[in-house]
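[1] coordinates only, no sequence provided:
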Ligand code: C2E
Ligand code: MG
Ligand code: MG
């Protein structure tokens, strides 16, 4: 640990510090500033720290007690004592990595300092008094230039308050000392006698009001007091001189003052009255706070508003909801999400994404009443709070307007951008006693709406909470199944109908459940699909099937043998499916042409662009794309044109009844015809009888899969049956 450098002006510095009259107690006027800093920078601690000869003294602090343990208040371990040895702010990203601080008790002890940023507080005479700092118990990457500028601005506010205090302290001391201190104060100091004629007028006053000392000495103070305030001020001064309670004397008030040219500006006014030779005298310390007012307004806006859209942020929403709840006034919260903002960012760039968010913010603001609240909660989620609306129907109508507003195309940089939006609604009172509960319930309703897709809106219902709990339980169970290697793959053969030769297999998921035995997907697939682990399971299936197939090929399976793998919709939504597949192929050494991905119509219509792009990329490399359960959906024809499909799998429901239902046979005929016209291979699923096989062959179907040729079986059984030499398998992931 390195102790801070000693300062050459130490004795003068301590005298300067003494002028502020801190005698062991903090200064409450600084509290709002440290609180604002902690919120703005999202840190647990913010401190105004003054540095005495041996110890530091916390004039104001949040997140840490001002009566610091004397051991921790030692100057030689103080970060701020380092800060005042520099003119520039001191920023320590990670104290554990900094040779000056890594073994400092503030770092190694309970206080757990990691990140520190402190701006030195310099007196008007140029002495370092201490520092204004923010502290985090987690390391950070540093402080951006705009953040640093904000921290310095806040330090400026601290200095303003300190200066006021210094002058007040001086006024309480002798007149001579007062006048000398007053002369070089950055604040205007004005004194007047019983007749309100100016007796003291310092340099700062001359500058602030545009009138020199010569001009003003002996003149009426009315010159700087706007007319509409005069009576009230004079009456108050009179009362105070008579020893009666006063409205303004003895405290700091905000007041307007008037310049020589008649312009009026906001000031902070500290007024005092004393007796001199039996007559009252008046004194005022005046500070122009126009800049500070602006800075405060800006800081408030920054702390409470989203920078991109200028909309209020979550803290404002929480505050307004709390106010409504406390006043027992109804309100509706509508969470609105721009569901494909991520895709817009990926395909058109972050610039277009940002522009989209801004325009969306405008449309949402326009979709509600002027006094409703529109907040931005995260990248793609907004919240509308409708004041005094407790009727779910009215809220639903408002949600519909909001969603419709977002689903109209946006025109950005020459692009026509279309987005899907969803909305979830919760009402208070009713859908939550606490503010956070109402927000969480609106989020649950939003999740439900999103799951339904296509611009849905949903009002919260208690069942959603139960469903969320059930999903979490399912996820926990699936996680356990993965960890315990209870998930396994079975393989079903696919054969060439003409000669019965093996052409491939489909990998089918099974759960070897410790209590319920071997489960088929029907028993558990919905739990995976509705939870958070679908992509994880999907990737495991892909990897296991590819590894198994590569091994079979190395051990003698035919060059043309290919493996069919079913995909979950979540695999398209998570990261990057194309890359995932490429990595698995590379790792297993399986050629792309030996893999066929099976997708269903529900996946295809889920999210066009995000689905098509990875499939096109994989298809170009030779990976097969099979359209599973073909014929059962609605939009099958149009999908065929847009998606890079290499095979249609005729659904087993048609095969099952093809010999008894002319319609089903006709569907099969139509699919075979489509395959020919689009030059796409066709395979029939669910072939159970030789009759069905013969009929399909006659109709021109080349490949088949079904119990007739083999049920889904373990890899060992599969190898034993289809490959000459008994082969070892790899099952575990
Ligand atoms: P699918 O992809 O259409 O798979 C064919 C289903 O038909 C399999 O059911 C198979 O056992 C069954 N099947 C095959 N031949 C016959 C037959 O001759 N008669 C009858 N009645 N049924 C036959 P399974 O294994 O229960 O799988 C059901 C569905 O679960 C699959 O339908 C697929 O959509 C899904 N699935 C299975 N494994 C996975 C997987 O690893 N990932 C994903 N995403 N989905 C899977
Ligand atoms: Mg399938
Ligand atoms: Mg199928």
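    Cool, the structure landed. Keep in mind the model is a prediction, meaning the values are calculated, not measured. Ligands and ions are numbered 1, 2, ... in the order given.

[2] what about the stretch 201-350 of the chain, any weak spots by pLDDT?
    Applying pLDDT under 70 to the stretch 201-350 of the chain flags residues 296-303.

[3] same thing but at 50, please
    Applying pLDDT under 50 to the stretch 201-350 of the chain flags no residue at all.

[4] show me where it has helices.
    203-209, 213-216, 227-241, 290-304, 314-326, 341-348, 350-367 (DSSP state H, counting those that start in this stretch).

[5] can you name the residue of the stretch 401-550 of the chain nearest ligand 3?
    residue 506 (8.4 Å; CB to the ion). To be clear about C-beta, it is placed using only N, CA and C from the backbone, and glycine gets the same treatment.

[6] who touches that residue in this structure?
    With contact taken as CB atoms under 8 Å, 6 or more residues apart in numbering, residue 506 is in contact with 491-492, 494, 563-566, 598, 705, 712.

[7] ligand 3: which of the helices of the stretch 201-350 of the chain is closest?
    helix 341-348 (28.2 Å).

[8] mind putting the helices of the stretch 201-350 of the chain in TSV, distance to residue 83 and mean neighbour count included?
    What follows is those, written out as TSV (distance: least, CB to CB, whole Å; neighbours: other CB atoms under 10 Å):
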stretch	distance to residue 83	mean neighbour count
helix 203-209	28	19
helix 213-216	38	15
helix 227-241	41	15
helix 290-304	21	14
helix 314-326	29	17
helix 341-348	40	18
helix 350-367	36	18
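
[9] are any of the contacts of residue 506 buried, and which?
    Among the contacts of residue 506, those classed as buried by 16 or more other CB atoms under 10 Å are 491-492, 494, 563-566, 598, 705, 712.

[10] which elements pack onto the longest helix along the chain?
    Longest helix of the chain, by residue count under DSSP state H: helix 145-172. Helix 145-172 sits against helix 31-41, strand 115-122, strand 128-136, helix 175-183, strand 264-276, strand 279-288, helix 290-304, with contacts defined as 3 or more CB pairs under 8 Å, 6 or more residues apart in numbering; DSSP states H and E.

[11] in that helix, which residues are buried?
    So for helix 145-172, counting by 16+ other CB under 10 Å, buried means 148, 150-151, 153-171.

[12] do the same with stretch 119-129
    119-124, 127-129.

[13] quick one: mean pLDDT for the longest helix of the chain?
    Averaged over helix 145-172, pLDDT sits at 86.

[14] angle of it against strand 279-288?
    170 degrees (axes from the mean of the first three to the mean of the last three CA atoms, to 10 degrees).

[15] could you list the low-pLDDT ranges of the chain?
    607, 726-730, 732-733.

[16] can I see the domain layout of it?
    Per the record, the chain has its domains at 10-159, 174-292, 309-460, 475-722, by automatic domain parsing.

[17] now the third one: how far from the chain's centre is it?
    Just to be clear, that refers to domain 309-460. Centroid separation between domain 309-460 and its chain, computed with CA atoms, centre = their mean, to the nearest Å, is 15 Å.

[18] closest one of the contacts of residue 506 to ligand 1?
    Checking the contacts of residue 506 against ligand 1 by CB to the nearest ligand atom gives residue 566 as the nearest, at 3.4 Å.

[19] partner residues bridging that closest one?
    residue 598 (DSSP bridges).

[20] in contact with it, which residues?
    Residue 566 touches 506-509, 541, 598-599, 628, counting by CB under 8 Å, 6+ apart.

[21] take those residues and keep only those in helices.
    residue 541.

[22] nearest to residue 400 among the contacts of residue 566?
    Ranked by distance to residue 400 (CB to CB), those are led by residue 599 at 31.8 Å.

[23] gap between that closest one and residue 571?
    Plainly put, residue 599 is 10 Å away from residue 571 if you go by CB to CB, to the nearest Å.

[24] and for residue 106?
    48 Å.

[25] show me which of the two is the more surrounded one.
    Using other CB atoms under 10 Å, the more surrounded residue of residue 106 and residue 571 is residue 571, with 24 against 19.

[26] spatially nearest residue to that one, not counting backbone neighbours?
    residue 538 (4.3 Å; CB to CB, 6 or more residues apart in numbering).

[27] next: residue 89.
    residue 119 (4.6 Å).

[28] show me what the residue of the stretch 401-550 of the chain found nearest ligand 2 is bridged to.
    Here the stretch 401-550 of the chain gets closest to ligand 2 at one residue, residue 506, 5.5 Å apart by CB to the ion. Under DSSP bridges, the beta-bridge partners of residue 506 are residue 492, residue 564.

[29] let the chain start at 508 from now.
    Sure, I'll start numbering at 508, so the last one becomes residue 1013.

[30] before we move on, the earlier item: between the domains of the chain, which gets nearest to ligand 1?
    Closest to ligand 1 of the domains of the chain is domain 982-1229 (CB to the nearest ligand atom; 3.3 Å).

[31] distance from that closest one to the middle of the chain?
    38 Å.

[32] over to stretch 654-671?
    28 Å.

[33] can I get the domains of the chain in TSV including distance to ligand 1?
    Formatted as TSV, these follow (distance: least, CB to the nearest ligand atom, whole Å):
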stretch	distance to ligand 1
domain 517-666	39
domain 681-799	62
domain 816-967	17
domain 982-1229	3
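
[34] quick check: which of those domains is nearest to residue 509?
    Closest among the domains of the chain, using CB to CB: domain 517-666, at 4.5 Å.

[35] taking the buried residues of stretch 626-636 together, which two end up most distant?
    626 and 631, at 16.4 Å, using CB to CB across those.

[36] ok so, going back, the residue nearest to residue 1078 and residue 1079 touch, don't they?
    No: using CB atoms under 8 Å as the test, residue 1045 is too far from residue 1079 to be in contact (9.6 Å).

[37] quick one, strands of the stretch 1108-1240 of the chain?
    1131-1137, 1154-1157, 1188-1191, 1210-1211 (DSSP state E, counting those that start in this stretch).

[38] may I see these organised as JSON lines, with mean neighbour count and distance to residue 924 added?
    What follows is these, written out as JSON lines (neighbours: other CB atoms under 10 Å; distance: least, CB to CB, whole Å):
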{"stretch": "strand 1131-1137", "mean neighbour count": "23", "distance to residue 924": "28"}
{"stretch": "strand 1154-1157", "mean neighbour count": "25", "distance to residue 924": "33"}
{"stretch": "strand 1188-1191", "mean neighbour count": "24", "distance to residue 924": "37"}
{"stretch": "strand 1210-1211", "mean neighbour count": "22", "distance to residue 924": "42"}
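
[39] any chance of those in CSV, with distance to residue 1201 too?
    Output for these, formatted as CSV (distance: least, CB to CB, whole Å):
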stretch, distance to residue 1201
strand 1131-1137, 21
strand 1154-1157, 16
strand 1188-1191, 12
strand 1210-1211, 11
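
[40] and the ones you listed: which comes nearest residue 728?
    So among these, strand 1131-1137 is nearest, using CB to CB, at 87.3 Å.

[41] what packs against the closest one?
    strand 1069-1073, strand 1102-1106, helix 1108-1111, helix 1115-1127, helix 1143-1149, strand 1154-1157.

[42] what residues does this protein have near ligand 3?
    1135-1136, 1192 (CB under 5 Å from the ion).

[43] nearest to residue 1123, of those residues?
    After measuring those against residue 1123 - CB to CB - the closest member comes out as residue 1135, at 18.5 Å.

[44] tell me which element the residue nearest to residue 1078 falls in.
    Using DSSP states H and E, residue 1045 sits within helix 1041-1061.

[45] next, the angle strand 1102-1106 makes with that helix.
    Going by the same axes, to 10 degrees, helix 1041-1061 makes 150 degrees with strand 1102-1106.

[46] what bridges to the residue most central in space within the chain?
    The residue lying closest to the centre of the chain (CA atoms, centre = their mean) is residue 885, at 4.4 Å. Residue 885 forms beta bridges with residue 888, as assigned by DSSP bridges.

[47] ok, residue 772 next?
    Taking DSSP bridges as the rule, residue 772 bridges to residue 764.
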